[in-house]
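Q: Okay, predicted coordinates and the sequence, questions at the end:
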Amino acid sequence: MSAHRFEVAKKIKDALDSTRQGGFKMNMFRIAATSLLISVAGSAGAATTVKNTDLPDVSGNFGAGVAATVTDANGTLTTVTGPSGSANRAGAGLVLDKWAQQNVGANASVGITKTRARSGNGSVEFIGTSANGHPDQNGNPGSGSKADLEYYFSQPVRLSDFVSASYDWYRSSASTTDGIQTASLRLLVNTGGLTLPLSTALIYEPYYQSAPGNVATDAWVSESIGLSSQFWNNSGLANPGAFTNSLSDWIGANPDLLVVGLSSGIGSGWSGTFSGGIDNVAFDFGSRADSFNFEVAAVPEPATWAMMIGGFGLLGAATRRRRSVLRVA
């Protein structure tokens, strides 16, 4: 159980202890509080929930790109308008042990919204447009759009300690970029420490895991990643021999690599538009493991507020009754 959950459970227990001499209403309060305690304790092994309100506000000018982070009833979305190119991309900067928007540019968007709810009411949303890019080999308008959501470790881990990873992805059939493309999962690697920008990554793409063909559309797909999974490197690493290689082969050729973070995203060299997302990202490096579910923070309904206020009233009554009993004694 996390420290936060432990503190919540302790406070509930203290409240229960203060109501043991109460009547019917106090017993009802004890029953409700006990149910909450069981719920808190039972959720100790659940995935870490990342809410849209946890994302930093990435707004302002980044080169010729203009970023705006907007939160509404559908969630939180960061959009950057302007030309393509790394100098015009927006990012939250170095944020440790927390998911944040990075490398967003050329009319792309990233955030946590309700657009495609996965395991709850939300998921990560990626949007790329066809503006400001270069034509592909077929003359189609290119998309300079790029958007990432990244998580940097405060304590890097050894790539050689990798056990497994997983994530869910979604590609809308409305996307016009090449049919083999969808959101990737990247291991951000370094041989030294954590510096920005991070340009070296081992990149997992679903397309390279099976026989050639377009990826699925309009459905959530779960990826399980192991040492035999195929990765490619964008730059800087000793190559075991091919464009894509198993992760175990990359480790063999680069035994001292450190993993300094995770990244998922779209774009840069893509053509056409993209609409999709990810959810349920998990990793296990032996000494460090975690999983993340992306959700939109709920606004309490009026009935919920009334229940909460009533609960606080009962707790106050219990406290006053206990003090009264102590005075009589």
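A: Looks like it came in fine.

Q: mind listing the helices for the stretch 201-329 of the chain?
A: In the stretch 201-329 of the chain, the helices defined using DSSP state H, counting those that start in this stretch lie at 247-253, 302-328.

Q: any weak-confidence spans in the stretch 1-150 of the chain?
A: 1-45, 130-143 (pLDDT under 70).

Q: How are the helices of it distributed by residue range?
A: Along the stretch 1-150 of the chain, the segments classed as helices by DSSP H, counting those that start in this stretch run 3-17, 24-42.

Q: May I have the beta-bridge partners of I278?
A: Per DSSP bridges, the residues bridged to I278 are V124, W169.

Q: hey, least reliable of the helices of the stretch 201-329 of the chain by pLDDT?
A: For these, mean pLDDT drops lowest on helix 302-328, to a mean of 53.

Q: okay, now the nearest residue in space to A238 that is not next to it in sequence: neighbour count?
A: Distance criterion C-beta to C-beta, 6 or more residues apart in numbering; nearest residue to A238, sequence neighbours excluded, is A253 at 4.4 Å. Yep, even glycine has a C-beta here, placed from its N, CA and C like the rest. The number of residues packed around A253, counting by other C-beta atoms under 10 Å, is 15.

Q: same question, D284
A: 15.

Q: Distance-wise, check it relative to V58.
A: Relative to V58, D284 is positioned 29 Å away (C-beta to C-beta, to the nearest Å).

Q: do the same with S235
A: The spacing between S235 and V58, counted by C-beta to C-beta, is 25 Å.

Q: quick one, which of the two is more surrounded?
A: A count of neighbours by other C-beta under 10 Å puts V58 above the other of S235 and V58, at 22 against 7.

Q: Report the buried residues of the longest strand anywhere in the chain.
A: Ranked by residue count under DSSP state E, the longest strand found in the chain is strand 146-158. Using 16 or more other C-beta atoms under 10 Å as the test for burial, strand 146-158 gives 146-153, 156-157.

Q: so what does that strand touch, helix or strand wise?
A: On a contact count with 3 or more C-beta pairs under 8 Å, 6 or more residues apart in numbering; DSSP states H and E, strand 146-158 meets strand 99-105, strand 108-113, strand 123-128, strand 184-190, strand 258-267.

Q: now for these, which one comes closest to Y170?
A: strand 123-128 (7.3 Å; C-beta to C-beta).

Q: what's the angle between the closest one and strand 146-158?
A: Strand 123-128 and strand 146-158 meet at an angle of 130 degrees, taking axes from the mean of the first three to the mean of the last three C-alpha atoms, to 10 degrees as the criterion.

Q: mind checking how far strand 123-128 is from the chain centre?
A: Taking the mean of its C-alpha atoms, strand 123-128 sits 11 Å from the chain's own mean (C-alpha atoms, centre = their mean, to the nearest Å).

Q: counting contacts, what elements does that strand pack onto?
A: strand 75-81, strand 108-113, strand 146-158, strand 258-267, strand 274-284.

Q: ok, and which of the ones you listed has the densest surroundings?
A: strand 108-113 (a mean of 29; mean count of other C-beta atoms under 10 Å).

Q: For it, C-alpha coordinates in CSV please.
A: The C-alpha trace of strand 108-113 is given here as CSV (Å, rounded to 0.1, in the frame of the first residue of the first chain):
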residue,chain,number,x,y,z
ALA,A,108,-0.2,18.5,-33.5
SER,A,109,-2.0,17.8,-30.3
VAL,A,110,-1.5,15.5,-27.3
GLY,A,111,-3.3,15.1,-24.0
ILE,A,112,-5.6,13.0,-21.9
THR,A,113,-9.3,13.1,-23.0
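
Q: give the contact list for the residue nearest to A238.
A: 237-240, 245 (C-beta atoms under 8 Å, 6 or more residues apart in numbering).

Q: Mind checking which of those residues are buried?
A: By 16+ other C-beta under 10 Å, the contacts of A253 give 237, 240, 245 as buried.

Q: Can you give me the neighbour number for the nearest residue to the first one once chain neighbours are set aside?
A: Spelled out, it's L237. Leaving aside its sequence neighbours, L237 sits nearest to N254 (C-beta to C-beta, 6+ apart; 5.3 Å). As a burial measure, N254 scores 19 neighbours (other C-beta under 10 Å).
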